[in-house]
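Novice: after the sequence you'll find the predicted model.
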Amino acid sequence: MFDTLSDRLTGVFDRLRGRGSLNEQDVRDAMREVRVALLEADVALPVARSFIDKVTEKAVGSQVLKSVTPGQQVVKIVNDELVAMLGGEGEDGAQAAPLLLDAKPPVVIMMVGLQGSGKTTTTAKLGRLIREKHGKKALMASLDVNRPAAQEQLKVLGEQVDVATLPIVAGQQPVDIARRAMESARLQNSDVLLLDTAGRLHVDEALMAEMKAVAGVSVPTEVLLVVDSLTGQDAVNVAKSFSDEVPLTGVVLTRMDGDARGGAALSMRAVTGKPIKFAGTGEKLDAIEAFHPGRVADRILGMGDVVSLVEKAAAVVEKEDADRLAKRMMQGKFDMNDLRMQLKQMQNMGGLGMLAGMLPGMKKAKAAMAASNMDDKVLVHMDAVIGSMTAKERANPALMNAKRKKRVAAGSGTSVQEVNKLLKMHQEMGRAMKQIKKMGGLKGLGALFG
Ligand code: GDP
């Protein structure tokens, strides 16, 4: 996600940060590069232009350039403007827009979008989320009578995520299905009703008329538009046409896992005024994430999405461990025990692939790993290496001299070279963590773990 942009911006900002003083021209030059980077990431032109204007104005028109750390300050301004552009909620505007579930049950969530956007999959993902995360009872109904087997598809997905679906009645029309779904949700005491409306190949009048009719009988609290992020600016245009016709409450961007550019995500709020509530990040039914502008900005600026990482880790390890790790990371402490825990988490989270890009400094580490043919099996070896260290060595890896390395290599059935690799990785991660700490990138962690 956002790889291209992130790579470009990291380069620009490394150069800015590396300088003790900056003048107006330096900022303008850097902003020209940022503009190109945004356009390359397929951000809509007016959005990119307005972004650059705002950042430039704030950066040159204040005390920033006279400060002790002008580069850092400019990056901070860029960060804040990115968050504003992504359009979040909360005091700092960095939070995800929440799913509105507090109305009188059954709360209706209407899913709309073009065919193939991932609407049905997303409906099931949300059903699962509502059951698991919100602890609420959901019913899902497919109103898609155009696409053959669409209703069956939702039924099968419903079974997979353990969320009830409305029994299929052949030949029934969308508005009637919606009415029956409402009735059924009431009778079953469902908290939430998810309506998966029919998709079309493109936005047309018949589709809009049908959506309005369905909205008329179901009075949805949420109307979520599902769009494919891979279609870039088309996704934004589709969102614009939909939002002109139906009162959208938010957008779900699917296939973010394959979207290296991120233009749709970056322009959506500015062009449509609608918040992106969720990002689809894979085909699996748990591959959906709340869209946190603050975290996305951190990710784009190469600070690594530490909070998401720790949250994800927290889901698979004991919360106590995650708390401890977060705290230690905030204090800039990180020993072999912490690294071991992280390696365990990596394994639990499905290996290195997923982690790459989320952890600070991981971009460089990823390249290094690729170069050294590092795969998930290496995680097991690393764990063995740490297991062969004494408690003292784990707490203070600096103790590891040649003799100790040899002993540990023998004890873990690895080689001194592998021991060295692990020590190096520990050092690099420790350094990266110090860096984000310095940059204040962990501000969210405190809130997360109190
Ligand atoms: P619909 O026609 O809009 O209902 O689309 P579907 O829900 O049937 O999805 C079409 C295809 O996209 C399916 O193969 C899904 O598995 C896939 N898909 C949906 N969301 C995502 C996502 O976030 N990432 C990836 N990689 N694939 C997705």
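Specialist: Cool, the structure landed.
Novice: for the stretch 151-300 of the chain, just list every one of the helices.
Specialist: When assigned using DSSP state H, counting those that start in this stretch, the helices of the stretch 151-300 of the chain occupy the ranges 174-187, 205-218, 233-245, 263-272, 293-300.
Novice: and Q342, how far from the ligand?
Specialist: With distances defined as C-beta to the nearest ligand atom, to the nearest Å, the gap from Q342 to the ligand amounts to 26 Å. Glycine gets a C-beta too; all of them are placed from N, C-alpha and C.
Novice: can you tell me the element that residue falls in?
Specialist: When secondary structure is defined by DSSP states H and E, Q342 falls within helix 336-348.
Novice: show me what contacts whatever residue of the stretch 151-300 of the chain ends up closest to the ligand?
Specialist: Taking C-beta to the nearest ligand atom as the measure, the point where the stretch 151-300 of the chain comes nearest the ligand is G280, at 2.5 Å. Remark: with contacts taken as C-beta atoms under 8 Å, 6 or more residues apart in numbering, G280 is in contact with G118, T121, T122, K125, V252, L253, T254, R255, M256, D257, A287, I288.
Novice: how many neighbours does T281 have?
Specialist: The criterion is other C-beta atoms under 10 Å. On that basis, T281 has 20 neighbouring residues.
Novice: need the contact list for it.
Specialist: T281 sits in contact with M1, M256, D257, A287, I288, E289, where contact means C-beta under 8 Å, 6+ apart.
Novice: thought D196 was touching L154?
Specialist: Yes: with contact defined as C-beta atoms under 8 Å, D196 reaches L154; the gap is 5.7 Å.
Novice: which residues of the chain lie near the ligand?
Specialist: 113, 115-121, 199, 254-255, 257-258, 280-283, 287 (C-beta under 6 Å from any ligand atom).
Novice: and the residue lying farthest from the centre of the chain, what are its phi and psi?
Specialist: Relative to the average C-alpha location in the chain, and by C-alpha atoms, centre = their mean, no residue lies farther out than K403, which sits at 44.2 Å. Note on K403: its backbone torsions stand at phi -70, psi -50 [degrees, to the nearest 10].
Novice: from the ligand, how far off is it?
Specialist: Distance from K403 to the ligand, by C-beta to the nearest ligand atom: 50 Å.
Novice: measure P247 to V83 for me?
Specialist: Summarising the geometry, the distance separating P247 from V83, computed by C-beta to C-beta, to the nearest Å, is 25 Å.
Novice: so where's the stretch 251-400 of the chain uncertain?
Specialist: 302-326, 329-330, 332, 345-377 (pLDDT under 70).
Novice: in it, which spans are strands?
Specialist: 276-280, 288-290 (DSSP state E, counting those that start in this stretch).
Novice: give me the three-state assignment for V112.
Specialist: Reduced to three states with DSSP: H, G, I helix; E, B strand; the rest coil, the structure at V112 is strand.
Novice: what's near enough to touch the closest residue to V226 other than its chain neighbours?
Specialist: The shortest distance from V226 to any non-neighbouring residue, by C-beta to C-beta, 6 or more residues apart in numbering, is to G113 (3.7 Å). When the contact criterion is C-beta under 8 Å, 6+ apart, the partners of G113 are K119, G199, L225, V226, V227, V238, F242.
Novice: which of the residues you listed fall in strands?
Specialist: In strands, defined here by DSSP state E, the members of these are L225, V226, V227.
Novice: with pLDDT added, can I get these in JSON lines?
Specialist: Converted to JSON lines, these look like this (pLDDT from 0 to 100):
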{"residue": "L225", "pLDDT": "95"}
{"residue": "V226", "pLDDT": "96"}
{"residue": "V227", "pLDDT": "95"}
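Novice: circling back: out of the strands of the stretch 251-400 of the chain, deepest packed?
Specialist: Of all the strands of the stretch 251-400 of the chain, strand 276-280 has the most neighbours on average by mean count of other C-beta atoms under 10 Å, namely a mean of 24.
Novice: that one pairs with which strands, parallel or anti?
Specialist: Within its sheet, and counting by DSSP bridges, strand 276-280 is paired with strand 250-254 (parallel), strand 288-290 (antiparallel).
Novice: mind giving me JSON lines with these and columns for distance to D7?
Specialist: Rendered in JSON lines, the data for the strands paired with strand 276-280 read as follows (distance: least, C-beta to C-beta, whole Å):
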{"stretch": "strand 250-254", "distance to D7": "21"}
{"stretch": "strand 288-290", "distance to D7": "22"}
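Novice: quick check: which of those is nearest to A94?
Specialist: If you check each of these against A94 by C-beta to C-beta, strand 288-290 wins as the nearest, at 12.0 Å.
Novice: got a list of contacts for the closest one?
Specialist: Against strand 288-290 from outside (C-beta under 8 Å, 6+ apart): 96, 98, 122, 125-126, 129, 252, 277-281, 308.
Novice: one step back: of the helices of the stretch 151-300 of the chain, which is nearest H134?
Specialist: Taking C-beta to C-beta as the measure, those were each checked against H134, and helix 174-187 came out nearest at 15.6 Å.
Novice: which strands and helices sit next to the closest one?
Specialist: strand 138-142, strand 192-196, helix 205-218 (3 or more C-beta pairs under 8 Å, 6 or more residues apart in numbering; DSSP states H and E).
Novice: now the angle from the first one to helix 174-187?
Specialist: Same thing as strand 138-142. Between the axes of strand 138-142 and helix 174-187, defined by axes from the mean of the first three to the mean of the last three C-alpha atoms, to 10 degrees, the angle is 160 degrees.
Novice: how far out from the middle of the chain is strand 138-142?
Specialist: The chain centroid and the centroid of strand 138-142 are separated by 26 Å under C-alpha atoms, centre = their mean, to the nearest Å.
Novice: what angle separates it from helix 205-218?
Specialist: An angle of 150 degrees separates the directions of strand 138-142 and helix 205-218 when computed by the same axes, to 10 degrees.
Novice: what pLDDT is listed against the residue lying closest to G387 once chain neighbours are set aside?
Specialist: Taking C-beta to C-beta, 6+ apart as the measure, G387 lies nearest to S412, with 6.5 Å between them; neighbours along the chain are not counted. Looking at S412, its pLDDT stands at 89.
Novice: domain-wise, how is this structure divided?
Specialist: Listed domain ranges for the chain are 3-86, 107-297, 303-449 (source: automatic domain parsing).
Novice: highest average neighbour count across the ones you listed?
Specialist: The highest mean neighbour count among the domains of the chain belongs to domain 107-297 (a mean of 20), with neighbours defined as mean count of other C-beta under 10 Å.
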